[in-house]
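give the three-dimensional model of this entry:
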Amino acid sequence: MGSASSTLTQYDIEDVQEHCNNLYSQQEIVSLYKRFCQLDRNAKGFISADEFLSVPEFAMNPLSQRLLKMVDGLNFKDFVIFLSAFNPKASMPQKIELIFKVYDSDYNGKVTFKDIMEVLRDLSGSFMSDKQIEEGLIKVMEEAGYSKDSSLLLDDFVKILDHPGLKMEVEVPVD
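Predicted coordinates for the structure are as follows:
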């Protein structure tokens, strides 16, 4: 499973379905496999960072360099699991976990003020000064009960972001 010359068996489809919490139908998994094989230009069974950059929407994303660290070398099953966070049927905690991983650039399981500042800088570009970003971030963190010196864990992210009125709708087309 994963090289362009191999085919997806029923067992493979069901295995991937189980690992992504049945967020995708069998037909959607087959479509994702075809897309995976298109991206896996050298038929190695995994997608490199350079192959991911061939997707224009990905390359244009201001967080693409952070995302590349997460996706470099994904096999098909991991590719589908990664995309699961973008599925409209994904739970809020699943989406928040992906966001947490984007912010946790050193993969130590903690997000610091500095980590958040870096992401906000990437997102705002030249539209906001560091001082504006820092002032806004300090205010938001204080309102959530944290300080500039706090290290946030995944549970903290869930506590802050998992609210009924908050919508995180980014959809990755399957076809």
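
name the helices or strands packed onto whatever helix or strand I29 lives in?
Assigned by DSSP states H and E, I29 belongs to helix 26-39. If you count contacts as 3 or more Cβ pairs under 8 Å, 6 or more residues apart in numbering; DSSP states H and E, helix 26-39 packs onto helix 10-19, helix 76-84. The way it works is simple: take the backbone N, C-alpha and C, and place the C-beta from them, glycine included.

what about the shortest one, average pLDDT?
Confidence over helix 76-84, taken as the mean pLDDT, stands at 91.

what's that helix packed up against?
Going by 3+ Cβ pairs under 8 Å, 6+ apart, helix 76-84 lies up against helix 10-19, helix 26-39, helix 64-71.

so where's this protein uncertain?
1-6, 163-175 (pLDDT under 70).

strands of that one, start to end?
Using DSSP state E, the chain contains no strands.

on that earlier part again, would JSON lines of the helices and strands packed on helix 76-84 with mean neighbour count and distance to E134 be doable?
Output for the helices and strands packed on helix 76-84, formatted as JSON lines (neighbours: other Cβ atoms under 10 Å; distance: least, Cβ to Cβ, whole Å):
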{"stretch": "helix 10-19", "mean neighbour count": "14", "distance to E134": "40"}
{"stretch": "helix 26-39", "mean neighbour count": "18", "distance to E134": "38"}
{"stretch": "helix 64-71", "mean neighbour count": "16", "distance to E134": "20"}
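
of those, which is nearest E135?
helix 64-71 (23.2 Å; Cβ to Cβ).

which residues does the closest one contact?
47, 49, 52-53, 58, 61, 79, 82, 101-102, 105, 119, 122 (Cβ atoms under 8 Å, 6 or more residues apart in numbering).

so which of these wins on neighbours?
I47 (27 neighbours; other Cβ atoms under 10 Å).

so how far is A49 from the residue lying closest to that residue once chain neighbours are set aside?
Counting by Cβ to Cβ, 6 or more residues apart in numbering, L39 is the residue found nearest to I47 once chain neighbours are left out, at 5.0 Å. Look at L39 and A49: by Cβ to Cβ, to the nearest Å, they are 11 Å apart.
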